[in-house]
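J.: okay, predicted coordinates and the sequence, questions at the end:
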Amino acid sequence: MSITPLMPVYPRCDVRPVRGEGCYLIGERGERYLDFASGIAVNLLGHGHPKLVKAIADQAARLMHTSNLYGMPLGEKFAQRLVDTTFADTVFFTNSGAEAVECAIKTARRYHYANGQAHRHKIISFDNAFHGRTLGTISATSQPKMRDGFEPLLPGFTVVPFNDLEAATAAVDDNTAGFLVETVQGEGGVTPATQEFLSGLRKLCDEQGMLLILDEVQCGYARTGTFFAYEQYGLTPDIMAVAKGIGAGFPLGACLATEEAAKGMVFGTHGSTYGGNPLAMAVGMAVLDEVLGDGFLDHVNSIGARLRSALEQLIPNHDMFEDVRGLGLMLGVKLKDDVDSRSFVAHLRDDHGLLTVGAGQNVVRILPPLVIDESHVAECIEKLSAGARSFAEAAAA
Ligand SMILES: *Cc1c(COP(=O)(O)O)cnc(C)c1O
């Protein structure tokens, strides 16, 4: 037998972390890495945050799981806090981002069904989008590497170019339920929606009774400097998928919706065995306490601006860098076409102890824990700069 016990769907690298300390990961042989990947925008409090660790330990000892047959005091409390701090009136808790998007898609379809317009099932999504790996969520992407061999996928999706309002407008027909869009595309290359594009989608939805579904699984939860990225656009969605940062490393997601948009989601229409269990809710509350605590968002904004300007200063000094993109601490450095971002990410990791993540459009994603300080910014810049120099030297040799 040659297949590995772990199904070989990931091309894993040689970093084998066994411990985390704040903004660092420690490998099997004791090697240290500055973690500016954060488990792909997940570990926003870094590793081993004492309040998070304590919340998990305390709740695990008290009550871990009960099922959704019973009342959920902690879930009610956490949902209320999300409702109080966002556009939403109601929340469904999931265990992952893809499940949150699935719930969003079901909520949108069910809304039109409840309105007696069951034919309005079509969702318009966008090129380079990433919404997860379930059959439903891969149906919302145009990327062959995610779709090939899994067809037939869920019908009722149309994919058009991102940030192209004209194309989005043209794709709307009598069967359209709404738009599914990342406020800032993550996997696709750290590309924020333009103001004109997102406002345009909001307006189309208002005019034609469609729903605006935002996927803030990656860009939400303080990553961009506001609690959610949509706040920076002066508009609100009808439905929103959240995950990654919301659990800061614990598997947790949520689908948020307005009362109107959720009107089809009545008893029996949806469910999850683990979703919203007491352990997850205790984690969610502990993370939220930090994120909405005094000065947290201010810190993300100020340290994000520091990191960004330091990255921008690298651009003229290194031929391989093209530009810096993103918002807050969701940043990307786009490399010139003749440099392969995956090789550069590997070089930074293996030769300089800096963890970053590749993204589409030849971008290196910089996704540090949101609790980094000046010393981590300086260390990242030093490693990036040295890494760019040695990478270019190796290429020239
Ligand atoms: C990561 C991600 C998902 C999927 O989340 P999983 O927890 O891996 O299912 C969905 N949407 C976006 C924008 C993401 O970045």
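T.: Good, I have the coordinates.

J.: quick one: contacts for the closest residue to the ligand within the chain?
T.: Closest residue of the chain to the ligand, C-beta to the nearest ligand atom: residue 97 (2.2 Å). Where C-beta positions appear, they are placed from N, C-alpha and C, glycine not excepted. By C-beta atoms under 8 Å, 6 or more residues apart in numbering, the residues touching residue 97 are 131, 132, 215, 217, 218, 241, 243, 244, 253.

J.: ok, and which of these reach the ligand?
T.: 131, 132, 215, 217, 218, 243, 244 (C-beta under 6 Å from any ligand atom).

J.: most neighbours among these, which one?
T.: When neighbours are counted by other C-beta atoms under 10 Å, residue 215 leads those with 32 neighbours.

J.: for the record, mean pLDDT for stretch 165-176?
T.: Regarding stretch 165-176, the rounded mean pLDDT is 98.

J.: first-to-last residue distance for that stretch?
T.: This stretch, stretch 165-176, spans 15 Å end to end (C-alpha to C-alpha, to the nearest Å).

J.: name the helix or strand for residue 281, please.
T.: Using DSSP states H and E, residue 281 falls within helix 278-291.

J.: using the three-state scheme, assign the closest residue in space to residue 237 that isn't next to it in sequence.
T.: Distance criterion C-beta to C-beta, 6 or more residues apart in numbering; nearest residue to residue 237, sequence neighbours excluded, is residue 214 at 4.1 Å. Here residue 214 is recorded as strand under DSSP: H, G, I helix; E, B strand; the rest coil.

J.: can you check residue 324 too?
T.: strand.

J.: quick check: bridge partners of it?
T.: residue 333 (DSSP bridges).

J.: ok, it - contacts?
T.: 308, 311, 312, 315, 331, 332, 333, 334.

J.: most neighbours of all those residues, which one?
T.: If you count neighbours using other C-beta under 10 Å, the busiest of the contacts of residue 324 is residue 332, which has 29 neighbours.

J.: the residue nearest to that one when sequence neighbours are not counted: neighbour count?
T.: Distances taken as C-beta to C-beta, 6+ apart place residue 190 nearest to residue 332, at 3.1 Å, with adjacent residues excluded. For residue 190, the neighbour count with other C-beta under 10 Å is 28.

J.: related to what we said a few turns ago, redo the ones next to the ligand among the contacts of residue 97 as TSV? Include secondary structure and pLDDT.
T.: Listed next are the ones next to the ligand among the contacts of residue 97 as TSV, based on DSSP: H, G, I helix; E, B strand; the rest coil; pLDDT from 0 to 100:
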residue	secondary structure	pLDDT
131	coil	98
132	coil	98
215	strand	99
217	coil	98
218	coil	98
243	coil	98
244	helix	98
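
J.: break the protein into its domains for me.
T.: For the chain, automatic domain parsing gives the domain ranges 17-49+295-396, 63-291.

J.: re earlier: now distance to residue 69 too, for the ones next to the ligand among the contacts of residue 97, in CSV please.
T.: Below are the ones next to the ligand among the contacts of residue 97 laid out as CSV (distance: C-beta to C-beta, whole Å):
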residue, distance to residue 69
131, 30
132, 27
215, 30
217, 28
218, 33
243, 24
244, 28
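
J.: quick one: contacts for the residue nearest the centre of the chain?
T.: Nearest to the mean C-alpha position of the chain, counting by C-alpha atoms, centre = their mean, stands residue 218 at 1.1 Å. Counting by C-beta under 8 Å, 6+ apart, residue 218 makes contact with 40, 41, 97, 182, 184, 186, 187, 244, 330.

J.: element containing the closest residue to the last one other than its chain neighbours, please.
T.: The spatially closest residue to residue 330, leaving aside those adjacent along the chain, is residue 223, at 4.8 Å (C-beta to C-beta, 6+ apart). Using DSSP H and E, residue 223 maps to neither a helix nor a strand.

J.: so residue 223 makes contact with residue 328?
T.: Yes - in this structure, residue 223 is within contact of residue 328 by C-beta atoms under 8 Å, at 6.0 Å.
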